[in-house]
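Pasting the sequence and the predicted coordinates here, then a few questions.
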Amino acid sequence: MRTTSPSALQRAAFSTARKHLSNENNIRIAKEIRDSLGVTLRGRVAEEIFFNHLSTGASNDLRKVARLAFMYVAAFSPGPGVFLARHCEHPNHEAIWK
């Protein structure tokens with residue numbers, strides 16, 4: 001007869017709850033996007049200052065920042081370009097809001 005330890009059951013339940021919570025966090029508010037922009041850019045600058053070069057991990061930072069900035073303007077811009085920003089493609093040819 002095979003038994004499952006209580007700790008294994010607790011880990012499985014926690015894992016399921018964690019996945020559920022991460023799915024709910026797909027909606028981002030303006031402050032979260034601004035914070036992500038700042039953190040990404042500060043990390044890139046810090047790497048360049050301390051190591052005097054950029055690693056391969058930093059090569060994707062500008063792409064992330066451009067995508068976040070595009071999302072921010074498209075979602076929170078009160079100007080007349082909102083419609084265009086929401087229905088055009090990202091510079092990397094990724095449809096963000098379609």
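Right, received. Where do you want to start?

elements contacting the helix of greatest length in the chain?
Longest helix of the chain, by residue count under DSSP state H: helix 30-51. Applying 3 or more C-beta pairs under 8 Å, 6 or more residues apart in numbering; DSSP states H and E, one finds that helix 30-51 contacts helix 61-76. Bear in mind the C-beta positions are built from the backbone N, C-alpha and C, glycine included.

what packs against the helix it packs on?
Secondary elements touching helix 61-76 (3+ C-beta pairs under 8 Å, 6+ apart): helix 30-51, helix 82-87.

Between these, which has the poorest mean confidence score?
Mean pLDDT is lowest for helix 82-87 among the helices and strands packed on helix 61-76, at a mean of 49.

still on that earlier bit, just the CA coordinates of the longest helix of the chain, formatted as CSV?
What follows is helix 30-51, C-alpha atoms only, in CSV (Å, rounded to 0.1, in the frame of the first residue of the first chain):
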residue,chain,number,x,y,z
ALA,A,30,0.4,52.3,-14.4
LYS,A,31,2.6,52.4,-11.3
GLU,A,32,3.7,48.8,-11.8
ILE,A,33,4.7,49.4,-15.4
ARG,A,34,6.6,52.6,-14.4
ASP,A,35,8.4,50.6,-11.7
SER,A,36,9.3,47.8,-14.1
LEU,A,37,10.7,50.4,-16.5
GLY,A,38,12.8,51.9,-13.8
VAL,A,39,14.1,48.6,-12.4
THR,A,40,15.1,47.4,-15.9
LEU,A,41,16.9,50.5,-16.8
ARG,A,42,18.7,50.9,-13.4
GLY,A,43,19.9,47.3,-13.7
ARG,A,44,21.3,47.9,-17.1
VAL,A,45,23.1,51.1,-16.0
ALA,A,46,24.4,49.4,-12.9
GLU,A,47,25.9,46.5,-14.9
GLU,A,48,27.6,49.0,-17.2
ILE,A,49,29.0,51.0,-14.3
PHE,A,50,30.2,48.1,-12.2
PHE,A,51,31.4,45.7,-14.9
